[in-house]
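1. prediction below, plus the sequence it came from.
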Amino acid sequence: MDIRIALAGNPNSGKTTMFNGLTGSSQYVGNWPGVTVEKKEGKLRGHKNVIVTDLPGIYSLSPYSPEELVSRDYLVKERPDAIINIVDATNLERNLYLTTQLIELGIPVVIALNMFDLLKKSGDTVNKAALEDLFGCTVIETSALKGQGIKEAAEAAIGLASQKNKLPKPVVFSKSVEAVLAGISESINPVLPANSGNLSRWYSIKVFERDANVLDALKIPETESKKIDGSIKALENEQDDDSESIITNERYTFISKTIKSVMHKKSPALSTSDKIDRIVTNRWLALPIFAVVMFLVYYISVTTLGALVTDFTNDTLFGDWIQGPVGEWLEGIGAAAWLTSLIVDGIIGGVGAVLGFVPQLFVLFFFLAFLEDCGYMARVAFIMDRIFRKFGLSGKSFIPMLISSGCGVPGVMAAKTIENEKDRRMTVMTTTFIPCSAKLPIIAFLAGIIAGGAGWVAPSMYFLGIFAVISSGIILKKTKMFAGEPAPFVMELPSYHWPSIKSVLFHMWDRVKAFIIKAGTIIFIACGIIWFLSSFGFSGGSFGMVEQDESLLAFLGNMFAWIFMPLGFGNWQATVATITGLVAKENVVATFGILTGVGEVAETDPALWAAGRSIFPTAIQGLSFLVFNLLCAPCFAAIGAIRREMASGKWTWFAIGYQTVYAYVMAFLVYQFGSLITGLASFSGWTVAAIVLALGFLYLLFRPDGGMRRRNSMQNHANA
């Protein structure tokens, strides 16, 4: 029979790092039933019958978010055999709050004092034996980052799983609270679920807190319910506080006493992390530092180191080693011309054009993984909260946007942690403005056409995405649909540390893998379809292989090209590339790879830029195309994620419509004003339209909200 071990802990406590260390590659990821919260499970290394479940990072078992509800339901209803509670040893007070709740569940608990190496480095000490005595739990000192102690924690959990009677000691509250809890326990025992096991005390506390989910599930008789309510109200009046706050205060009173008795702190000198934070979270320096960091990340990834490896991949690997020899081999065996064209130009040229950018993604995600694991990105979320709140968004909105730099799908799904429905919807609508990995090839490809591969293009597109998010926040928050105060933002700031190379490489590969899989499936099929449509058509009354300008693809592109004429790229090639990008953004480059033969040359090759300039004769046209494709509606997969998170077809279409209209307006302004400034076009009716749109955009940005945000906030409090 399988032994099930649950990992529970606060965000940034090292829980996911420990899960990766315990399970390695034997992981399987899905969604919890009924919700889009990610579910991670894996087999414990060296134990075929031990399943480890990585619960979402939470601060408590009170169901204020989908993650907390998922974790609580799993622990209460599924009843794992043991829990490993990952506790950040450098921040005991905040982390032990969850511990006090976990030990009330009647499940064996192992406390993993994680980041213990950092605690020792700071000069602080924890009396492990005293902590074990207070909680009645096995305590293991661990460093998930270095792989220290995690195996011992897992073995301890397996040992406890076979001794179900060895349970931790719940926190004992004050006499007055314990008296009320005893009365509640007596009243609810007859209605407890049959499989409640050792949960009587946990249910009593939840009834005391007036937990709506528990009260609905227990269906306490009315007479007993009135009796319970009377005893709770009497204590609330006595302590002049609500019942939930009373329990919270009791827990923190216990935690405060615990820390005093088990922890010895060095003199309160500033830690290294505090000294660094004085600079990187400084009110005036924080944003410029973040801008410089992200500029360097994209500059190195796209223009320098990433470009060197990509040159080899495109020019040598796909050009000299694959595409050329395969073409010669097919001709040598007498393959039909259409088959040779399909394989060489369609499949290898199209898929190769996309895969050629994989080295740049590896470099980009290496840096992003490093910044996340070392603790800097948590600071960025804190920094952005100060900025976002001024524009109507919460710092919580930055987390989905950070994730979207890898892929828009999990980025959209991450918005579910935002409790405020209006903020969540607005975040879902705007998070895909941030360039994802699929858009990076578009940026790199157009950078060569626009500015000869200049390093400023990629970073500027990242900041364009941030501008789109901020400006959208300002505009939307002034409407009745989204008005209101942004959701509060609470987040732990972990101590700075050097991440392990293993952890960084794991996160890097996890993100790039999805890109490669998509290239081998969706892009592979799309390339075949695009090749067929670009190679076949009707000519002289018969159907067959034709020149591209006479192909079915050209016919379809010309049908819609007029839509993009005001944006400067009203030719059929750019039109079909934009349309195929709705299936998957990688298709944009794959389409150009088929139409221009980009798969045969490196991205810095003048031949590539010449081929691209046949589609975009001027840099302004290329820039307009880039702006539109980065900001318009995302791929079908991301649209599906938006539909799931919005839980409404109407809101989904509104989100797609807003993104597309915003992208169209931005690209229109870029092309019309850019053409006027560079002398490519003279003053015309289109210029007048651009001026009107620009003034309208500025009006929406700077118009007063008329107190709408404050009124809506007051209305929300009144409704509550």
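-> That came in fine, so what should we check first? Just so it is clear, the model here is predicted, and its values are computed rather than measured.

2. so residue 169: helix, strand or coil?
-> The three-state assignment at residue 169 reads coil, by DSSP: H, G, I helix; E, B strand; the rest coil.

3. that one: neighbour count?
-> Other residues lying near residue 169 total 11 when counted by other Cβ atoms under 10 Å. Placement of C-beta: from N, CA and C, glycine included.

4. that one contacts residue 131, doesn't it?
-> No - in this structure, residue 169 is not within contact of residue 131 by Cβ atoms under 8 Å, at 11.7 Å.

5. check which helix or strand covers residue 438.
-> With the criterion set as DSSP states H and E, no secondary-structure element contains residue 438; it sits in neither a helix nor a strand.

6. okay, it: pLDDT?
-> For residue 438, the model assigns a pLDDT of 75.

7. next, count neighbours for the closest residue to it other than its chain neighbours.
-> The spatial neighbour of residue 438 that comes closest, neighbours along the chain excluded (Cβ to Cβ, 6 or more residues apart in numbering), is residue 585 at 3.7 Å. For residue 585, the count of nearby residues is 29 (other Cβ under 10 Å).

8. can you pull the contacts of residue 585?
-> Contact analysis of residue 585 by Cβ atoms under 8 Å, 6 or more residues apart in numbering lists 436, 438-439, 442, 629, 634-635.

9. again, but for residue 370
-> 499, 504.

10. how close does it get to residue 21?
-> Remark: distance between residue 370 and residue 21 (Cβ to Cβ, to the nearest Å) = 18 Å.

11. equivalent analysis for residue 498, please.
-> Residue 498 sits 16 Å away from residue 21, taking Cβ to Cβ as the criterion.

12. of those two, who's got more company?
-> residue 21 (23 against 10).

13. surely the more buried one and residue 150 touch.
-> Yes - in terms of Cβ under 8 Å, residue 21 counts as a neighbour of residue 150; the distance is 5.0 Å.

14. any common contacting residues for these two?
-> The contact sets of residue 21 and residue 150 overlap at residue 144 (Cβ under 8 Å, 6+ apart).

15. any weak-confidence spans in the stretch 601-720 of the chain?
-> Confidence mapping of the stretch 601-720 of the chain against pLDDT under 70 gives the ranges 601-609, 705-720.

16. show me where this structure has strands.
-> When secondary structure is read from DSSP state E, the chain shows strands at 3-9, 27-31, 38-43, 50-54, 82-88, 109-114, 125-126, 138-141, 263-264, 536-539, 542-545.

17. packing partners for the last one?
-> Right, the one you point to is strand 542-545. Applying 3 or more Cβ pairs under 8 Å, 6 or more residues apart in numbering; DSSP states H and E, one finds that strand 542-545 contacts helix 337-341, strand 536-539.

18. what residue lies at the spatial centre of this protein?
-> With the centre of the chain defined as its mean C-alpha position, the nearest residue by Cα atoms, centre = their mean is residue 403, 2.9 Å away.

19. I'd say that residue and residue 397 touch.
-> No - if you go by Cβ under 8 Å, residue 403 and residue 397 don't touch, sitting 11.3 Å apart.

20. domains in the protein, as residue ranges please.
-> 3-161, 175-264, 287-708 (automatic domain parsing).

21. any idea how far the shortest one is from the middle of the chain?
-> In other words, domain 175-264. Mean-position distance between domain 175-264 and its chain equals 36 Å (Cα atoms, centre = their mean, to the nearest Å).

22. any idea how far apart the tips of that domain sit?
-> Length of domain 175-264, first residue to last, Cα to Cα, to the nearest Å: 29 Å.

23. so who does residue 128 touch?
-> Residues counted as contacts of residue 128 (Cβ under 8 Å, 6+ apart) are 113, 139, 141.

24. how near is it to residue 116?
-> Distance from residue 128 to residue 116, by Cβ to Cβ: 9 Å.

25. how about residue 123?
-> When Cβ to Cβ is the yardstick, residue 123 and residue 116 sit 13 Å from each other.

26. can you check residue 693 too?
-> For residue 693, the distance to residue 116 equals 58 Å [Cβ to Cβ].

27. low pLDDT regions in the stretch 151-300 of the chain?
-> Regions of the stretch 151-300 of the chain meeting the criterion pLDDT under 70 cover residues 164-165, 195-197, 267-271.

28. which residue ranges of it form helices?
-> Applying DSSP state H, counting those that start in this stretch to the stretch 151-300 of the chain gives helices spanning 175-188, 200-208, 212-218, 222-239, 243-262, 272-280, 286-298.

29. out of those helices, which comes closest to residue 562?
-> With distances scored as Cβ to Cβ, the stretch of those nearest to residue 562 is helix 286-298 (34.4 Å).

30. mind listing residues that contact that closest one?
-> By Cβ under 8 Å, 6+ apart, the residues outside helix 286-298 that reach it are 279-280, 364, 367-368, 371, 376, 379-380, 383, 387, 458-459, 462-463.

31. kindly recompute the last result at 7 Å.
-> With Cβ atoms under 7 Å, 6 or more residues apart in numbering as the contact definition, helix 286-298 has outside contacts at 280, 364, 367-368, 380, 383, 387, 458-459, 462.

32. so for stretch 136-147, what gets flagged as buried?
-> By neighbour count, with 16 or more other Cβ atoms under 10 Å as the criterion, the buried positions of stretch 136-147 are 137-147.

33. for stretch 255-262, that is, sorry about that
-> Neighbour-count burial for stretch 255-262, with 16+ other Cβ under 10 Å as criterion, is recorded at 255, 258, 262.

34. let me have the residues you listed in CSV, extended by distance to residue 512.
-> Putting these into CSV (distance: Cβ to Cβ, whole Å) gives the following:
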residue, distance to residue 512
255, 42
258, 44
262, 43
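
35. nearest to residue 619 among those residues?
-> Distance to residue 619 across the buried residues of stretch 255-262 (Cβ to Cβ) is lowest for residue 255, with 60.7 Å.

36. relative to residue 249, how far out is residue 576?
-> Using Cβ to Cβ, one gets 64 Å for the distance from residue 576 to residue 249.

37. swap that for residue 695, please
-> In this structure, residue 695 and residue 249 are separated by 55 Å, where distance is defined by Cβ to Cβ.

38. same deal with residue 169?
-> Taking Cβ to Cβ, one finds residue 169 at 20 Å from residue 249.

39. again, but for residue 679
-> Between residue 679 and residue 249 the computed distance is 71 Å (Cβ to Cβ).

40. check residue 54 too.
-> Look at residue 54 and residue 249: by Cβ to Cβ, they are 31 Å apart.

41. how deep is residue 697 tucked in, by neighbour count?
-> When counting by other Cβ under 10 Å, one arrives at 16 neighbours for residue 697.

42. excluding chain neighbours, give the residue nearest to it in space.
-> The spatially closest residue to residue 697, leaving aside those adjacent along the chain, is residue 665, at 6.7 Å (Cβ to Cβ, 6+ apart).
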